[in-house]
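Colleague: Provide a 3D model corresponding to the input given below.
(2 chains)
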Amino acid sequence: MPESPITPRGQDFAAWYQDVVLQGDLAEPAEVVKGCMVIKANGYAIWELLQRELDDRFKAAGHQNLYFPLLIPQSFLHKEAEHVEGFSPELAVVTIAGGKQLEEPYVIRPTSETIIGHFFSKWIQSWRDLPMLVNQWANIIRWELRTRMFLRTTEFLWQEGHTAHATHAEALEEVLRMLDVYAEVAEDVMAMPVIKGMKTLSEKFAGALRSYAIEAMMQNGLALQAGTSHDLGQNFGKAFDVRFQNKEGQLDYVWQTSWGVSTRLIGGLVMSHSDDKGLVLPPKLAPVKAVLVPIYRKDDERGRVLEAAHRIAKQTGAKLDDREGQSPGAKFFHWERRGVPVVLELGPRDLASNNIVMKRRDIGTKEMVPQAELAARLPDTLDRMQKDLYDRAKQRLKANTVLANSIGEVEAILRDVTAEKGGGKFVMAHMKDDPACDLRIKEFKATVRCIPLVDEYDGAGKCIITGEPVDRRAVIAKAY
RNA sequence: CGGGCCGUGGCGCAGCCUGGCUAGCGCGCUUGCUUGGGGUGCAAGAGGUCCCGGGUUCAAAUCCCGGCGGCCCGACCA
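Modeller: Below you'll find the model as predicted:
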């Protein structure tokens, strides 16, 4: 087992992850087979917590969960020209079933706009059927050339929301509402600050009018697209003949949206907060929030300590680690690796003084707390840790965001992004939303991440490539 | 599709160049004792088609030929 694993700060996450989490048995959230993940206990429990946070918000916004087929007739993909062009290279196709060559192959869903468009056309006839607000929790397959644990696996779990509206304005409102939901979960639940923004035309979803995204910064300064929300316009409505009769009695195509987040969020979570000792989980996403490790030497101590430990664990909701044959030290390391926010230590000394030792995972501080106060202090400590994690991540984002006023400056900042030089940066520069400009940025192995919805800088300026006026700075960065 | 690396108990590896006794080490696992405020220590034990096929040889994990599989780096992407 590696004693000093590679830090996620400034290092390649995949390498750190493999060393620390997989081989080092630190958090055992997952392993990978042919680019597909087996998500293990701790990792899946985190996903379940995230699912609940998201699902509650979707339902509050009026969406209902449905489930659509895994296999999509290949012809469906071809109905929207841009869509099929974008997804063709990464499709897994089923050509044989039941021992026979199929007349028409199926594709394993890479996303479900097409099959949902097919059903929307059956379900929607009147303006009274709108808006139609559905969500699906599902697995999808995209045969990418390169996989990275959690961030880009061949198969992944996600949620995809699909809605149909009577007007473009209403659809756009929905697109931005769900982007806000993602930002809220990222920031309030994951303690991961994000920038809400519009993707450039060259980075938008295949088949969308416009795509919006939340962009986060990992500890090494690389950007991670953590969630997307698409304004599909009437593209899929026209492709799948999703028409409705409006209040004026005329036929019109619906305006659609789609939005999704995936198990990539778990990768983002790990890369946002974890340290050399292993996972650090924000309390709101910690499957186990506090563990109580009892310490005793002799049999009579054991009885007294365990009795008190059981009582305190019950009062506070902490998990009692009463495994025999494991030293307290071994237990401390065990839970530290797994990112448990608070570890409580209770031994004979504490019994005598009516105290208990409370240790925070993120900053490592130990605190003596009167046993009687623990039930009240523990939630406060968890809240503070949640907030501190966010604040630290926010500060890191600020510290690594820089302005650039020429293409040369952008290049100088992004060239040789390494840990020694402080890792990656978000470079804010005025950039025209033009595929030719995106291409220029790609020469530095970076991309235009987004054009922020809220301008926190100096407003309008001239494009550093074309010189044309643009109304705000865009985020340029190297990304996962 | 380019560039690099690797297939040896559950996991991580050494051994291969220079062929040779019973294939070794760490972790994990089992049993017992011991220990316990940051990975206790000791003892005993279970566990192997050395990726596959062929060749060379008295003898192959090791050398040769052919296959298969995996990982990492780049191009594609949530």
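Colleague: tell me the helices in the stretch 101-250 of chain A, going along the chain?
Modeller: A:113-123, A:168-184, A:235-239 (DSSP state H, counting those that start in this stretch).
Colleague: compare these and give me the one nearest residue A:452.
Modeller: Closest of the helices of the stretch 101-250 of chain A to residue A:452 is helix A:168-184, at 11.7 Å (criterion: Cβ to Cβ). Every C-beta, even on glycine, is put in place using the N, C-alpha and C of the backbone.
Colleague: and residue A:194, what does it touch?
Modeller: Counting by Cβ atoms under 8 Å, 6 or more residues apart in numbering, residue A:194 touches A:182-183, A:186-187, A:214-216, A:226-227.
Colleague: repeat that with 6 Å
Modeller: Counting by Cβ atoms under 6 Å, 6 or more residues apart in numbering, residue A:194 makes contact with A:183, A:186, A:214, A:216.
Colleague: these two touch, right, the last one and residue A:225?
Modeller: No. Using Cβ atoms under 6 Å, residue A:216 is not in contact with residue A:225, being 8.1 Å away.
Colleague: tell me which of these two has more neighbours.
Modeller: Higher neighbour count among residue A:216 and residue A:225: residue A:216, with 27 against 22, using other Cβ atoms under 10 Å.
Colleague: beta partners of that one?
Modeller: For residue A:216, the beta-bridge partners are residue A:194, residue A:224 (DSSP bridges).
Colleague: against residue A:315, how distant is it?
Modeller: 37 Å (Cβ to Cβ, to the nearest Å).
Colleague: likewise for residue A:219?
Modeller: In terms of Cβ to Cβ, residue A:219 sits 36 Å off from residue A:315.
Colleague: same thing with residue A:414?
Modeller: Between residue A:414 and residue A:315 the computed distance is 53 Å (Cβ to Cβ).
Colleague: between these two, who's got more neighbours?
Modeller: Between residue A:414 and residue A:315, residue A:414 has the larger neighbour count (other Cβ under 10 Å), namely 20 against 13.
Colleague: is it true that residue A:161 touches residue A:257?
Modeller: No. Residue A:161 is not in contact with residue A:257 according to Cβ under 6 Å; the separation is 7.5 Å.
Colleague: ok, the nearest residue to residue A:146 once chain neighbours are set aside - how many residues close by?
Modeller: Take residue A:146 and drop its neighbours on the chain: the residue closest to it by Cβ to Cβ, 6 or more residues apart in numbering is residue A:152, 6.9 Å away. If you count neighbours by other Cβ under 10 Å, residue A:152 ends up with 18.
Colleague: quick check: bridge partners of residue A:152?
Modeller: residue A:148.
Colleague: you'd agree residue A:228 is up against residue A:210?
Modeller: No. Using Cβ under 6 Å, residue A:228 makes no contact with residue A:210, being 10.8 Å away.
Colleague: who has more neighbours, these two?
Modeller: Shown here are residue A:228 and residue A:210; by other Cβ under 10 Å, residue A:228 has more neighbours (23 against 17).
Colleague: and the more buried one, how far from RNA strand B?
Modeller: 5 Å (Cβ to the nearest atom of the strand, to the nearest Å).
Colleague: and that residue, what does it touch?
Modeller: Counting by Cβ under 6 Å, 6+ apart, residue A:228 has contacts A:211, A:213.
Colleague: is stretch A:382-393 up against RNA strand B anywhere?
Modeller: No. Applying Cβ under 7 Å from any atom of the strand, one finds stretch A:382-393 out of contact with RNA strand B, separated by at least 14.4 Å.
Colleague: and the residue lying farthest from the centre of chain A, which helix or strand is it part of?
Modeller: The C-alpha centroid of chain A is most remote from residue A:300, which lies 48.6 Å away (Cα atoms, centre = their mean). Assigned by DSSP states H and E, residue A:300 falls within helix A:299-316.
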